[in-house]
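[1] for reference, the sequence and a predicted model appear below.
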Amino acid sequence: MKRKTDIKLVIFDLDGTLINTDLYVVLNHVNLCNHFYKCCKFDLNTLLSFSGPSLNETYEKYYNDINKDEYLKVFGEFSDKYSNYYSKLYNDELKVLSDLKNSGYKLAIFTSKRRHATMINLKHFDLEKYFDDILCVEDVKSAKPSGEGILKLLEKYNLSKNEALMIGDSDADYFASVDANISCYLACWGLKKFQSNIKPLKFVTSYNDIAKELINYE
């Protein structure tokens with residue numbers, strides 16, 4: 001088993017990419033709406049779009065009529081209690097992550113999620129052991145769609161831009177890869193819709209699809 005490409009570092013998003021959190025994200029924002037507005041004021045597509053941007057960005061765009069500290073408190077309480085319960089891994093994910101490592105790739109996470117919530121998920125699903133680096137929203141000055149986190153990882157491992165790949169599931173992941181000038185695969189196994197101007201190197205439909213592109217099993 002060997003690397004099939006010149007890529008040395010594969011950077012994964014978390015929500016919607018490593019962990020299927022679509023249901024959890026929707027339910028957390030329904031809970032927020034019920035708490036602050038007594039009804040849900042968003043349609044399903046808008047609720048799904050909240051998986052990707054940082055909490056601060058979502059607050060500024062959709063919730064800035066309420067107290068931010070209360071918003072974060074209510075979101076965090078629901079997250080701590082239910083994020084693992086309403087989430088799951090993807091088919092064949094653990095085997096592919098293991099195969100990627102055994103093929104010689106360095107693996108990293110770059111997420112707009114807070115570290116506390118990120119580690120709760122990673123430990124519950126036993127994912128932490130696969131990754132050489134975990135970069136959360138607190139670790140950068142600018143969250144995705146800025147490519148700052150990607151550039152930090154390239155600098156840390158002394159890699160050129162053609163030696164890294166971003167794998168995500170949202171517009172923010174794609175534009176972060178564009179900002180950092182690296183290639184991107186976008187997962188289209190979720191319910192989110194992409195903007196028409198988004199053109200990743202590849203759309204992937206499963207973890208086995210990722211493995212076929214990156215691993216030589218001969």
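    Ah, there it is. Residues are numbered from 1 along each chain as shown.
[2] how much space between Glu70 and Ile11?
    The gap separating Glu70 from Ile11 is 33 Å, by CB to CB, to the nearest Å. Just so you know, the C-beta spots here come from the backbone N, C-alpha and C atoms, and that holds for glycine as well.
[3] compare those two (neighbour count), which wins?
    Taking other CB atoms under 10 Å, Glu70 and Ile11 do not tie; Ile11 has more neighbours (28 against 13).
[4] secondary structure class for that one?
    strand (DSSP: H, G, I helix; E, B strand; the rest coil).
[5] and the next helix or strand past the helix-or-strand element of the chain with minimal mean pLDDT?
    None of the helices or strands of the chain scores lower by mean pLDDT, DSSP states H and E than helix 44-49, at a mean of 88. Using DSSP states H and E, the helix or strand that follows helix 44-49 in sequence is helix 55-58.
[6] report the buried residues of that next one.
    By neighbour count on 16 or more other CB atoms under 10 Å, the buried set for helix 55-58 is Leu55, Glu57, Thr58.
[7] tabulate the CA atom coordinates of the least confident helix or strand of the chain in PDB.
    The C-alpha coordinates for helix 44-49 follow below in PDB (Å, rounded to 0.1, in the frame of the first residue of the first chain):
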ATOM      1  CA  LEU A  44     -34.000  23.100   6.000                       C
ATOM      2  CA  ASN A  45     -31.400  24.300   3.400                       C
ATOM      3  CA  THR A  46     -30.500  27.300   5.700                       C
ATOM      4  CA  LEU A  47     -30.200  25.000   8.700                       C
ATOM      5  CA  LEU A  48     -27.900  22.600   6.800                       C
ATOM      6  CA  SER A  49     -25.700  25.600   5.700                       C
END
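[8] sorry, back to before: redo the buried residues of helix 55-58 as JSON lines? Include pLDDT.
    Shown next, in JSON lines, are the buried residues of helix 55-58 (pLDDT from 0 to 100):
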{"residue": "Leu55", "pLDDT": "89"}
{"residue": "Glu57", "pLDDT": "90"}
{"residue": "Thr58", "pLDDT": "93"}
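[9] closest one of these to Asp126?
    Distance to Asp126, by CB to CB, is smallest for Leu55 among the buried residues of helix 55-58, at 25.3 Å.
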